[in-house]
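Colleague: pasting the sequence and the predicted coordinates here, then a few questions.
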Amino acid sequence: MIARTDLFARVRRLLGDENICTWSDYEIASATDDALSHLSRHLAFLGSDLTTVSTVLADGDTLPDDFVTLRAVCDTEGRQLIPVRVGLVVSDGGYRIENGTFRTRGHALVTYQKHLPLLGDSDSLDLPRSLTDTLAKTIVLTLSGADDATRRKALAEDDLLLTRRMRTRRTPDLPWRV
Amino acid sequence: MTISEAISYIRRAVHDSSDEYSEAEYLAFLNEAVQETAVLLASLRYAPLIRETILTNGDPMPPDFLSAVGCHPYHLSENTVSLHGGRTHLPLRYYAAPPLLTADDTLPFPPAIEEAVLLAATVRALRHNEYDTSAEEAHLSALRTALGNTLAGKGVGP
């Protein structure tokens, strides 16, 4: 759990703004949510276990609100499904994502990378405290107007750490592997 | 420094042995210099000028408002506050101008900054009589640059 006050204090220290002379809390909160979105995409790219979740979706269900990218899809008996291109009929053993809607035969277990929770007006973030430094650094870059490429480059030195700490294997915990 | 001490300082600096300016005129020079210096200090993010208030939707901005500390979710229209996102109240940190001085006040800045105020008031008094103030203005400019470097934590020199 990362407390809002701890995170903001860390960010202000990095910015050299402990006196609250330059940045408002509102700006830091906005930059925090922007940084969390960037970090979510970055962790999804790394395939981090921290943001990997599974859920059962039926044919016609919309994708979850926190969906970032797909990791794997299998049927209820643990057999991996293969993606079917738009225009082809989804038969047994296949699935498709079409305009944010999941299409398959019956139900499927969908494993995906989710978005990290946003801060909004809450007092804390439901994230490991060990992520505080990485998040604070990303917030500072966001406030400095850095673009995505610069933020990715700045996070590169954390990648190995993030990968080692959070990604134990490349494939998700599919039932047939357990 | 009291106002009477400040006026004596400026009177000496402009060699006003014949009481050419009244106390009220010196006070006006001082007030202009204080307000000008406050604007400069706000641009340098001088923390002691910061005040806090609670903004209410539809209210005017505080009369001493110079600039906000960072961005806040509001916009101004004809000096009336409109808060964003359905808010009715909003805590605001802002840089405030000091109140206008009277003869019984003291200068609202520490001694290191008082010198810039006194010099600015002196330049105004000299300029009022159309004296050549280039030397004083150069000195004031150097002093303000040094003040800016100090407040920004920058060293002077290589």
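Modeller: Perfect, thanks for sending it. Numbers count the residues shown, from 1 in each chain, chains lettered A, B, ... in the order given.

Colleague: in the chain, where's the longest helix?
Modeller: Here I'm looking at chain A. Ranked by residue count and defined by DSSP state H, the top helix of chain A is helix A:25-46.

Colleague: correction: the question concerned chain B.
Modeller: Under DSSP H, the helix in chain B containing the largest number of residues is helix B:23-43.

Colleague: how about the contacts made by the most centrally placed residue in chain B?
Modeller: Central residue of chain B (CA atoms, centre = their mean): B:Ala38, 2.1 Å from the mean position. With contact set as CB atoms under 8 Å, 6 or more residues apart in numbering or on different chains, B:Ala38 has these partners: B:49, B:66, B:97-98. All C-beta atoms are positioned from the backbone trio N, CA, C, and that covers glycine.

Colleague: please redo it, this time with the cut-off set to 6 Å
Modeller: B:Ala38 sits next to B:97-98 when contact means CB atoms under 6 Å, 6 or more residues apart in numbering or on different chains.

Colleague: what does B:Thr150 give?
Modeller: Neighbouring residues of B:Thr150 by CB under 6 Å, 6+ apart: there are none.

Colleague: hmm, back to that, by contact count, what packs against the helix or strand following the longest helix of chain B?
Modeller: Next along the chain after helix B:23-43, taking DSSP states H and E as the criterion, comes strand B:50-56. Strand B:50-56 sits against strand B:89-96, with contacts defined as 3 or more CB pairs under 6 Å, 6 or more residues apart in numbering or on different chains; DSSP states H and E.

Colleague: related to what we said a few turns ago, off-centre distance for the longest helix of chain B?
Modeller: For helix B:23-43, the separation from the chain centroid amounts to 6 Å (computed by CA atoms, centre = their mean, to the nearest Å).

Colleague: what about the helices in chain A?
Modeller: A:4-15, A:25-46, A:132-143, A:148-166.

Colleague: closest one to chain B among those helices?
Modeller: With respect to chain B, and counting by CB to the nearest CB, the nearest of these is helix A:25-46 at 4.8 Å.

Colleague: mean confidence (pLDDT) on the closest one, please.
Modeller: Computed over helix A:25-46, the mean pLDDT rounds to 92.

Colleague: got the buried residues for it?
Modeller: For helix A:25-46, a neighbour-count test (16 or more other CB atoms under 10 Å in any protein chain shown) marks A:25-44, A:46 as buried.

Colleague: what's around B:Ala152, how many residues?
Modeller: By the measure other CB atoms under 10 Å in any protein chain shown, the count of residues near B:Ala152 is 10.

Colleague: then B:Pro110?
Modeller: The number of residues packed near B:Pro110 is 9, by other CB under 10 Å.

Colleague: likewise the one 3 residues further on?
Modeller: When neighbours are counted by other CB under 10 Å, B:Ile113 registers 22.

Colleague: from chain A, which residue is nearest to chain B?
Modeller: Here the residue of chain A nearest chain B is A:Ser24; by CB to the nearest CB that distance is 3.2 Å.

Colleague: check contacts around that residue.
Modeller: Residues near A:Ser24 by CB under 6 Å, 6+ apart: B:69-72.

Colleague: now neighbour count and secondary structure too, for those residues, in a markdown table please.
Modeller: Output for these, formatted as a markdown table (neighbours: other CB atoms under 10 Å in any protein chain shown; DSSP: H, G, I helix; E, B strand; the rest coil):
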| residue | neighbour count | secondary structure |
| --- | --- | --- |
| B:Val69 | 24 | coil |
| B:Gly70 | 18 | coil |
| B:Cys71 | 11 | coil |
| B:His72 | 21 | coil |
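
Colleague: what is the nearest of those to chain A?
Modeller: Of all those, B:Gly70 has the smallest distance to chain A: 3.2 Å, by CB to the nearest CB.

Colleague: quick one: low-confidence ranges for the chain?
Modeller: If you meant another chain, say so; for now it's chain A. Scanning chain A for pLDDT under 70 picks out A:157, A:159-178.

Colleague: my bad, the chain I had in mind was chain B
Modeller: B:153-158.
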